[in-house]
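Student: Let's see this in three dimensions:
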Amino acid sequence: MKGRLMVLPFAVAVLAWPVAYAQTNVTQMKPVAYKVVDGNKVDNDTYMGWKTWRALACERCHGAKQEGLVGPSLIDAFKTIDKNEFHRTVFGGRIDKGMPDFSSSQMMQKNWENLYSYLKGRSDGKINPGDLQPIDK
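Tutor: Alright, predicted model coming up:
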């Protein structure tokens, strides 16, 4: 019994470490900021968010205009969802609802905040649906 009690704190620490690590990364988020000109020209970060959207084929479930198909409308969801909830969703999924876990995607790891900015801009009505271009082009 004593041996099991000594293992318990170690097991708890090992299991809690990834959660603590993930929370540390989330708390160091940059503020949501996107720049849009003429509805389809965006800053480079937001452009990378849009490219991530396209590369990971998110439109298969959320629709080409983010208005929902099998998955929910992100236009509606981003009126209330914050970056923490978005992070939890894309890096944990909602498997029971069909949302995959993208934690193994290098592109998502590098661009999840940019994707959030893109989707926030769409939800705010500032970014038009369809193809985007970087402002600097």
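
Student: Quickly find the element holding the spatially most central residue of the chain.
Tutor: Centroid check for the chain by C-alpha atoms, centre = their mean gives residue 112 as the closest residue, at 4.3 Å. Residue 112 belongs to helix 106-123 when assigned by DSSP states H and E.

Student: So which residues of this structure form strands?
Tutor: Assigned by DSSP state E, the strands in the chain fall at 36-37, 41-42, 133-134.

Student: closest one to residue 70 among these?
Tutor: Closest of the strands of the chain to residue 70 is strand 41-42, at 26.8 Å (criterion: C-beta to C-beta). All C-beta spots, glycine's among them, are computed from the backbone N, C-alpha and C.

Student: for that closest one, packing partners?
Tutor: strand 133-134 (3 or more C-beta pairs under 8 Å, 6 or more residues apart in numbering; DSSP states H and E).

Student: tell me what the strand it packs on is packed against?
Tutor: Strand 133-134 sits against strand 41-42, helix 44-55, with contacts defined as 3+ C-beta pairs under 8 Å, 6+ apart.

Student: got the ones you listed as JSON lines, with distance to residue 129, mean pLDDT and mean neighbour count columns?
Tutor: Converted to JSON lines, these look like this (distance: least, C-beta to C-beta, whole Å; pLDDT from 0 to 100; neighbours: other C-beta atoms under 10 Å):
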{"stretch": "strand 41-42", "distance to residue 129": "13", "mean pLDDT": "98", "mean neighbour count": "22"}
{"stretch": "helix 44-55", "distance to residue 129": "11", "mean pLDDT": "98", "mean neighbour count": "20"}
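
Student: Output those as JSON lines; include the columns distance to residue 67.
Tutor: Converted to JSON lines, the helices and strands packed on strand 133-134 look like this (distance: least, C-beta to C-beta, whole Å):
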{"stretch": "strand 41-42", "distance to residue 67": "19"}
{"stretch": "helix 44-55", "distance to residue 67": "14"}
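
Student: Check the burial of residue 115 by counting its neighbours.
Tutor: Residues near residue 115, counting by other C-beta atoms under 10 Å, number 24.

Student: quick one, what contacts it?
Tutor: 49, 52, 53, 90, 108 (C-beta atoms under 8 Å, 6 or more residues apart in numbering).
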